[in-house]
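Undergrad: here is my input; please provide its structure:
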Amino acid sequence: MKKPTISGNKIIVPSDPEYLNDVDVFIEGILRGYGADESIIADIAISVSELVNNAMLHGNNSEINKAVEVSIDNKNNKVEIVIYDNGAGFNPDDIDNPLDDSNLLKEVGRGIFIVKSLMDSVNIESTSQGTKVTIEKAI
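TA: Predicted coordinates for the structure are as follows:
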């Protein structure tokens, strides 16, 4: 895969942070079309950007031939966004608590915590074939 592809409510991008802006523009455009408030758009954009970055770097190990897929739907004024990667999976329970004293000065490990604080719900399903993260936010 050499460039992003968009089909309806879905964007697929190579595992290269160069394409994070494409995902951001795509998601924000759809959210504005839904009539979402700018503060809600900002919360969702931050969350999606963090999750897509994690999918690219940690899930797909920055392998450019592996893609990250993002889909968005509006269900009764609740936005559902699903992010897929093709990585080896991980155990979400193994994520360190960034509020523990031993983790406060670490430069990494806050992404999922931030997403959980911004979204109404976060669901992580991980297998050896990849990870699917579903986030929801009322708009």
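
Undergrad: list the contacts for the most centrally placed residue in the chain?
TA: Nearest residue to the geometric centre of the chain (C-alpha atoms, centre = their mean): residue 51, 2.8 Å. Neighbour list for residue 51: 83, 111, 115, 133, 135 [criterion: C-beta atoms under 8 Å, 6 or more residues apart in numbering]. C-betas here are computed from N, CA, C, even on glycine.

Undergrad: before we move on, what about residue 133?
TA: 51, 55, 82, 83, 122, 123, 124, 125.

Undergrad: what's the average pLDDT for stretch 120-132?
TA: Stretch 120-132 shows a mean pLDDT of 93.

Undergrad: among the contacts of residue 51, which ones are in strands?
TA: Per DSSP state E, strands hold the following members of the contacts of residue 51: 83, 133, 135.

Undergrad: how close does the second one sit to residue 126?
TA: Between residue 133 and residue 126 the distance, using C-beta to C-beta, to the nearest Å, works out to 9 Å.

Undergrad: check the last one too.
TA: Residue 135 sits 15 Å away from residue 126 when distances are taken as C-beta to C-beta.

Undergrad: between those two, which has more neighbouring residues?
TA: Neighbours were tallied for residue 135 and for residue 126 using other C-beta atoms under 10 Å; the higher tally belongs to residue 135 (24 against 17).
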